[in-house]
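[1] Quick one, structure for this:
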Amino acid sequence: MHFAVLIFASVATMTTFALDNGLMRTPPMGWLAWERFRCDIDCTNDPKNCISENLFIDMADRLYEDGWKELGYVYVNIDDCWASMDRDKDGRLQADPNRFPGGINKLARYMHDRGLKLGIYGDMGTHTCGGYPGTTVDKIDIDAQTFADWEVDMFKFDGCYSNAVEQELGYPLMSKALNATGRPIGYSCSWPAYQGGLPPKVNYTQLGQICNLWRNYGDIQDSWSSVLSIADWFFENQDVLAPAAGPGRWNDPDMLVIGDFGLSMEQSRSQMALWAIMAAPLFMSNDLRTISSGARSILQNKMIISINQDPLGIQGRRILKEKSGIEVFWRPLSNNASALVFFSRRNDMPYRYQTSLSKLNYTTGSYKVTDVYTDQTDVLKDSTEFVVSVNPTGVVMWYVSAPGKLQYHPFIRGNKLHRQTYDTKQNNFL
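    Got it, this is the predicted structure:
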């Protein structure tokens, strides 16, 4: 797999630049209010069904009682529209007393008592995207300390109502301010999303120094077209984005909308698989009180979660785009394992895709492959032709166990990495 050497080399050059707060060594997982509930703040007729204290308590209960927490879904994140329109007499942000009568600190303690974590939202402009008080540069220190006093565990810093100059100053300052509080607070930056997501406007080396994760692209919507457009952007720009990711610093393609209204079961499996390949944060935005058994089984798939949470933290790549509409994605994993995804862009009927592991650049040997959605296993030689039937807009996803300790030796010419050499004596598999 010649891709491995390129990615490992890129990761090696980035590791010294990770944000030094020890947090989010694997992609964070949890539940986030925004896509499913937005700013539905009318709590008068149905207080259990609006963005209020009750909703976050309900979601915490579901994570705690329904098996989500044990799988790694530990964050419960408040998004926009939580704040009062006025700061208090000391200039501090304060929660809307009608929607959060117990205050954010009480909600944080509720999470912590159940082994969960609380995230909160802010914006470095004059106002949040929803029109609530923002955190301008002069308010960064006091707001960071306020979040620490409230025992918040994660902070998302949006960028509405700010400009490029303010962002260049404010995002690093907030990182410094959060660290200065002494409380471990995971830091999510929206900075690259406001600068087009790509160099030269976006410096991913700098982002890795100041942020644990960052939004690169626009907001996800509850539709297949939205999911597909986001995935396409990330994989079309994978040569820039993949090297930026690693333990403690993650590209964030936005929320999982599995269990809402816009995706079929096939498309839901596809989003979960592609987000796992991308080493993406897994923040569900759905209603865990009413989620279907099918959506739950996708989101609670232990093998896919283990792929997403692989400690190497290497973001996967698209390695093939076929004229047939089939695309193949690959991610290297710990213990010389890997993940493969066969994805269909077709809309007509299941497609029988034929290939072999050797054609996908796997080295000589036999491999155990496990279908993560069916649990079916098989042993394949690298040269054995096989067929996978991929449903329209669906995926087949494999966990591939390596045949032994694979030794890769970079082939260098003119100080450039050209390909890997394979040591047959060290890697022979009988």
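
[2] just the helices in the stretch 101-250 of the chain please.
    Counting by DSSP state H, counting those that start in this stretch, the stretch 101-250 of the chain has helices at residues 103-113, 140-149, 164-180, 191-194, 204-210, 224-236, 238-241.

[3] Pick the most buried one from those.
    Greatest average neighbour count among these goes to helix 191-194 (a mean of 24), per mean count of other CB atoms under 10 Å. Every residue, glycine included, has its C-beta placed from N, CA and C.

[4] Which among the helices of the stretch 101-250 of the chain is found nearest to Gly91?
    helix 140-149 (6.0 Å; CB to CB).

[5] Packing partners of the closest one?
    For helix 140-149, the packing partners by 3 or more CB pairs under 8 Å, 6 or more residues apart in numbering; DSSP states H and E come out as strand 117-123, helix 164-180.

[6] Rebuild these as CSV, extending it with mean pLDDT.
    Formatted as CSV, these follow (pLDDT from 0 to 100):
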stretch, mean pLDDT
strand 117-123, 98
helix 164-180, 98
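
[7] so which of those gets nearest Pro392?
    Set against Pro392 and scored by CB to CB, the helices and strands packed on helix 140-149 come closest in strand 117-123, at 35.7 Å.

[8] Return the list of strands paired to that closest one, each annotated with direction.
    strand 75-77 (parallel), strand 154-158 (parallel) (DSSP bridges).

[9] quick one: contacts of that strand?
    Strand 117-123 is contacted from outside by 30, 32, 74-80, 82, 93, 104, 107-108, 111-112, 128-129, 132, 134-135, 143, 147, 150-162, 186, 188, using CB atoms under 8 Å, 6 or more residues apart in numbering.

[10] re earlier: how about a markdown table for the strands paired with strand 117-123, with distance to Gly325, mean pLDDT and mean neighbour count added?
    Converted to a markdown table, the strands paired with strand 117-123 look like this (distance: least, CB to CB, whole Å; pLDDT from 0 to 100; neighbours: other CB atoms under 10 Å):
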| stretch | distance to Gly325 | mean pLDDT | mean neighbour count |
| --- | --- | --- | --- |
| strand 75-77 | 36 | 98 | 26 |
| strand 154-158 | 36 | 98 | 25 |
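
[11] Nearest to Gln267, out of the ones you listed?
    Gln267 lies closest to strand 75-77 among these, at 23.8 Å (CB to CB).

[12] which other residues reach that closest one?
    28-33, 56, 59-60, 63, 111, 116-121, 153-154, 156, 283.

[13] Repeat the analysis, applying 10 Å as the threshold.
    24, 28-34, 55-60, 62-64, 107-108, 110-111, 114, 116-121, 152-156, 186, 188, 255, 281-283, 285 (CB atoms under 10 Å, 6 or more residues apart in numbering).

[14] domains of this structure?
    3-308, 317-401 (automatic domain parsing).

[15] where among these is the average confidence lowest?
    When mean pLDDT is averaged over each of the domains of the chain, domain 3-308 scores lowest at a mean of 93.

[16] Distance from the chain centre to that one, please.
    Centroid displacement of domain 3-308 relative to its chain, using CA atoms, centre = their mean, to the nearest Å, is 9 Å.

[17] For the remainder of this discussion, apply numbering that starts at 37.
    In the new count, where the first residue is 37, that last one comes out as domain 39-344.

[18] picking up where we left off before, same list, the strands paired with strand 153-159, but as JSON lines with distance to Ile355 please.
    Formatted as JSON lines, the strands paired with strand 153-159 follow (distance: least, CB to CB, whole Å):
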{"stretch": "strand 111-113", "distance to Ile355": "31"}
{"stretch": "strand 190-194", "distance to Ile355": "32"}
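
[19] Let me know which of those is the nearest to Ile362.
    Ile362 lies closest to strand 111-113 among the strands paired with strand 153-159, at 34.7 Å (CB to CB).

[20] tell me the contacts of the nearest residue to Asp323 once chain neighbours are set aside?
    Nearest residue to Asp323, sequence neighbours excluded (CB to CB, 6 or more residues apart in numbering): Arg72, at 6.1 Å. Listed by CB under 10 Å, 6+ apart, the contact partners of Arg72 are 87, 91, 258, 291, 293, 295-297, 320-324.

[21] what helix or strand is Arg72 on?
    helix 70-73 (DSSP states H and E).

[22] what number of residues lie near Gly232?
    12 (other CB atoms under 10 Å).

[23] wouldn't Ala267 be in contact with Met308 here?
    No. Judged on CB atoms under 10 Å, Ala267 makes no contact with Met308 at a distance of 11.7 Å.

[24] Which residues are in contact with the closest residue to Gly166 other than its chain neighbours?
    Nearest in space to Gly166, with sequence neighbours left out and distances taken as CB to CB, 6+ apart, is Asp116 at 4.1 Å. By CB under 10 Å, 6+ apart, the contact list for Asp116 reads 69-70, 74-75, 87, 157-159, 164-168, 192, 194, 196.

[25] before we move on, back to that, now the helices and strands packed on helix 176-185 in a markdown table, with distance to Gln345?
    As requested, the helices and strands packed on helix 176-185 are exported to a markdown table (distance: least, CB to CB, whole Å):
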| stretch | distance to Gln345 |
| --- | --- |
| strand 153-159 | 16 |
| helix 200-216 | 24 |
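
[26] I'd like to know which of the contacts of Arg72 are part of helices.
    Mapping these onto helices (DSSP state H) picks out Leu91.

[27] Just say helix, strand or coil for the closest residue to Ile294 other than its chain neighbours.
    Nearest non-adjacent residue to Ile294, counting by CB to CB, 6+ apart: Ser304, 4.3 Å away. Here Ser304 takes the helix state, with states given by DSSP: H, G, I helix; E, B strand; the rest coil.

[28] My read is that Ser304 contacts Asp258, right?
    No. Ser304 is beyond contact range of Asp258, at 11.3 Å (criterion: CB under 10 Å).

[29] intersection of neighbour lists for these two?
    Counting by CB under 10 Å, 6+ apart, the common neighbours of Ser304 and Asp258 are Val293, Asp296, Gly298.

[30] So the residue lying closest to the last one once chain neighbours are set aside versus Gly430, what's the distance?
    The shortest distance from Gly298 to any non-neighbouring residue, by CB to CB, 6+ apart, is to Asp258 (3.8 Å). Here the distance between Asp258 and Gly430 works out to 18 Å (CB to CB, to the nearest Å).

[31] between those two, who's got more neighbours?
    Taking other CB under 10 Å, Asp258 and Gly430 do not tie; Gly430 has more neighbours (23 against 16).

[32] which phi and psi does that one have?
    Dihedral pair for Gly430: phi -110, psi -180, per degrees, to the nearest 10.

[33] Could I get the contacting residues of the residue nearest to Met160 when sequence neighbours are not counted?
    Once flanking residues are discounted, Met160 sits nearest to Gly206: 4.3 Å by CB to CB, 6+ apart. Contacts for Gly206 (CB under 10 Å, 6+ apart) come out as 160-161, 171-173, 175-176, 193, 195, 198, 213, 225, 227.
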